[in-house]
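# could you look at this predicted model? Sequence included:
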Number of protein chains: 2
Amino acid sequence: MMRKAMNRVHQEPETERRILCSAEKVFYRQGYDGARMQEIADEAGINKALLHYYFRSKDRLFDAVFSDAVLRLVPPVFAVMNSDSALMDKVRGFVDAYFSTVSQNPFLPGFVVHEMHRNPSRFSEIIKESRLLMLEGLQHQLDEGAANGELIPMQAEQFILNLLSLCAFPFVAAGAMQSVSGKNDAEYQQLLEERRELIPQWMSRLVECGA
Amino acid sequence: MMRKAMNRVHQEPETERRILCSAEKVFYRQGYDGARMQEIADEAGINKALLHYYFRSKDRLFDAVFSDAVLRLVPPVFAVMNSDSALMDKVRGFVDAYFSTVSQNPFLPGFVVHEMHRNPSRFSEIIKESRLLMLEGLQHQLDEGAANGELIPMQAEQFILNLLSLCAFPFVAAGAMQSVSGKNDAEYQQLLEERRELIPQWMSRLVECGA
DNA sequence: GAATAGTTTAACTTTATAGTTAAATAGTGA
DNA sequence: TCACTATTTAACTATAAAGTTAAACTATTC
């Protein structure tokens, strides 16, 4: 019992964390199907036996990584969207939160998108409650703004879709987009960084009447 | 020699096309790593032996499917963008061309994005010439509009990135976005269809000063 | 009716990968 | 010192998938 508590033995105290980081790297880049347990072990500087000693199977290891990914991506974003800020403050908060997370983990959005495609049911439960709250609040703000003549009428779903598209797609499709834009890695990253400031401006032009 | 010419024998005259369609279905949904040759054979109603008789290996079959995918997606889009239309006519043309192709093949964008992520060099050659042409022309129109005071200043790369994001992301991330939006398949498709009209309006709000 | 291209069948080889096992080693705390 | 946990090693099994092969069958064409 008590597989591994604070009384740590031998060297390598946080091997589990090392494994998770390595698994993350490999799964993020190659996806579940493309990832190899051996590669994860190599990346962590350990052997397969120890990998299975900590995580019984590829599936369990993947689940751990995927949950981490979703929890890293979703809550900060929902926290902002479910706050009672003004619409454009929410947008700025969202973009900031999103870029802070994703700039550190540029493959995270593509990973989540691809794995959700393989198994769409994956995180619907995780976000079910937050979702309704967010959409209702958002729709209310949009309707109110439209009634005032300050905003053009828009469905909350389309608003969110636009915001997420502008933020996430350039990361998700970085491979393809670098080809299209003809930029090298550094130049493309620069392009992305500029969007952190630009997207909020664009979103306000999208919906505000007098902007 | 002359592996298979117009003098066709037996039934099944366009078996090769049937195989390509089946391979497309499977590769689009599951990606290279997730696809199984047996599944492709089953989908085509044939056996593995015949699959290898037509396409020597999984790689060759995949290459055929990927090339088809890129050629289906890219040229109509570049044709519009390289025309000498006004900026907003280009946008409308692009969105029309894109949605016409992609509504028939909703998994196409995700497939291309994911496979470009695995091997980014893949189609850079295919589009190299068209790309420069497109970006130059676009930047010229944007600069001209900005000089007139009709448009806000914007880099052509950001403009393209925005247009592609708004068009492609809702398809690429359909699995995740249905969770976020809480829509079922039909409702989500409806949401997508509405964007065909909305995106050109949004793009003009994005860049036009008096809009 | 013989030659040929397309197709099937089913068994086969090869390879890659997940996962297992057992034995040895080494530090830790009781 | 003993029991315990973490770790390594290396060989192992099991399985799934890619790819091969040979033999037979089937229309079609010449």
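Yep, that arrived.
# use CA for all of it now, contacts and neighbours both
OK.
# I'd like to know how many residues surround residue A:22.
Burial measure for residue A:22: 20 neighbouring residues, criterion other C-alpha atoms under 10 Å in any protein chain shown.
# so chain A: which segments form each domain?
A:13-56, A:69-207 (automatic domain parsing).
# got those as a markdown table, with mean pLDDT and distance to residue B:165 columns?
Below are the domains of chain A laid out as a markdown table (pLDDT from 0 to 100; distance: least, C-alpha to C-alpha, whole Å):
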| stretch | mean pLDDT | distance to residue B:165 |
| --- | --- | --- |
| domain A:13-56 | 93 | 21 |
| domain A:69-207 | 92 | 5 |
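# need those domains in JSON lines (columns: distance to residue B:109).
JSON lines is the format used below for the domains of chain A (distance: least, C-alpha to C-alpha, whole Å):
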{"stretch": "domain A:13-56", "distance to residue B:109": "17"}
{"stretch": "domain A:69-207", "distance to residue B:109": "10"}
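# these into TSV, with extra columns for distance to DNA strand C?
TSV is the format used below for these (distance: least, C-alpha to the nearest atom of the strand, whole Å):
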stretch	distance to DNA strand C
domain A:13-56	4
domain A:69-207	16
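# out of the ones you listed, which gets nearest to DNA strand D?
domain A:13-56 (4.1 Å; C-alpha to the nearest atom of the strand).
# show me where chain A has helices.
A:15-34, A:37-44, A:48-54, A:58-81, A:87-104, A:108-118, A:124-148, A:156-172, A:174-181, A:185-207 (DSSP state H).
# how about those in JSON lines, adding distance to chain B?
JSON lines is the format used below for these (distance: least, C-alpha to the nearest C-alpha, whole Å):
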{"stretch": "helix A:15-34", "distance to chain B": "6"}
{"stretch": "helix A:37-44", "distance to chain B": "15"}
{"stretch": "helix A:48-54", "distance to chain B": "21"}
{"stretch": "helix A:58-81", "distance to chain B": "10"}
{"stretch": "helix A:87-104", "distance to chain B": "15"}
{"stretch": "helix A:108-118", "distance to chain B": "5"}
{"stretch": "helix A:124-148", "distance to chain B": "5"}
{"stretch": "helix A:156-172", "distance to chain B": "5"}
{"stretch": "helix A:174-181", "distance to chain B": "5"}
{"stretch": "helix A:185-207", "distance to chain B": "6"}
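# roughly how far does the nearest residue to residue A:73 once chain neighbours are set aside sit from residue B:20?
Nearest residue to residue A:73, sequence neighbours excluded (C-alpha to C-alpha, 6 or more residues apart in numbering or on different chains): residue A:101, at 6.9 Å. Using C-alpha to C-alpha, to the nearest Å, we find residue A:101 at a distance of 40 Å from residue B:20.
# and these two? Which one has more around it.
Using other C-alpha under 10 Å, the more surrounded residue of residue A:101 and residue B:20 is residue B:20, with 20 against 17.
# residues in contact with that one?
B:61, B:64-65 (C-alpha atoms under 8 Å, 6 or more residues apart in numbering or on different chains).
# re earlier: got the helices of chain A as TSV, with distance to residue B:79 columns?
Listed next are these as TSV, based on distance: least, C-alpha to C-alpha, whole Å:
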stretch	distance to residue B:79
helix A:15-34	33
helix A:37-44	43
helix A:48-54	51
helix A:58-81	37
helix A:87-104	33
helix A:108-118	28
helix A:124-148	37
helix A:156-172	23
helix A:174-181	14
helix A:185-207	25
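# nearest to residue B:132, of these?
Between residue B:132 and the helices of chain A, the shortest gap by C-alpha to C-alpha is with helix A:174-181, which sits at 8.6 Å.
# who does that closest one touch, helix- and strand-wise?
The contact analysis (3 or more C-alpha pairs under 8 Å, 6 or more residues apart in numbering or on different chains; DSSP states H and E) places helix A:174-181 against helix B:108-118, helix B:124-148.
# rerun at 6 Å
When contacts are defined as 3 or more C-alpha pairs under 6 Å, 6 or more residues apart in numbering or on different chains; DSSP states H and E, helix A:174-181 sits against helix B:108-118.
# hmm, the helix it packs on touching chain A?
Yes: using C-alpha under 6 Å from any C-alpha of the partner chain, helix B:108-118 reaches chain A at B:113, B:116-117.
# of the helices of chain A, which is nearest residue B:85?
Checking the helices of chain A against residue B:85 by C-alpha to C-alpha gives helix A:174-181 as the closest, at 20.4 Å.
# who's in contact with the closest one?
Helix A:174-181 has contacts (C-alpha atoms under 6 Å, 6 or more residues apart in numbering or on different chains) with B:116-117, B:120, B:124, B:157.
# repeat for stretch A:192-200
residue A:92.
# show me what counts as buried in that stretch.
Buried residues in stretch A:192-200, counted by 16 or more other C-alpha atoms under 10 Å in any protein chain shown: A:192, A:195-196, A:199-200.
# please name the nearest non-neighbouring residue to residue A:28.
Using C-alpha to C-alpha, 6+ apart and skipping residues adjacent in sequence, the residue nearest residue A:28 is residue A:111, 5.2 Å away.
# where's that neighbour relative to residue A:160, distance?
Residue A:111 is 20 Å from residue A:160, by C-alpha to C-alpha.
# with residue A:201 instead?
According to C-alpha to C-alpha, residue A:201 stands 15 Å off from residue A:160.
# quick one: which of those two has more around it?
Neighbours around residue A:201 and residue A:160, counted as other C-alpha under 10 Å, are more numerous at residue A:160. The numbers are 19 against 16.
# the most centrally placed residue in chain A and residue A:105, how far apart?
In chain A, the centroid-proximal residue (C-alpha atoms, centre = their mean) is residue A:73; its distance is 3.7 Å. To residue A:105, residue A:73 is 10 Å away according to C-alpha to C-alpha.
# same thing with residue A:182?
Distance, residue A:182 to residue A:105, by C-alpha to C-alpha: 22 Å.
# could you do residue A:143 as well?
35 Å.
# go on, residue A:16?
Noted for residue A:16: a distance of 20 Å to residue A:105, by C-alpha to C-alpha.
# also residue A:114?
From residue A:114 to residue A:105 the distance is 15 Å (C-alpha to C-alpha).
# ok, those two, which is more surrounded?
Shown here are residue A:114 and residue A:105; by other C-alpha under 10 Å, residue A:114 has more neighbours (27 against 17).
# pull the residues that contact stretch A:125-140.
By C-alpha under 6 Å, 6+ apart, stretch A:125-140 touches A:81-82, A:156.
# mind checking how far the closest residue to residue A:122 other than its chain neighbours is from residue A:152?
Distances taken as C-alpha to C-alpha, 6+ apart place residue A:116 nearest to residue A:122, at 6.5 Å, with adjacent residues excluded. Noted for residue A:116: a distance of 32 Å to residue A:152, by C-alpha to C-alpha.
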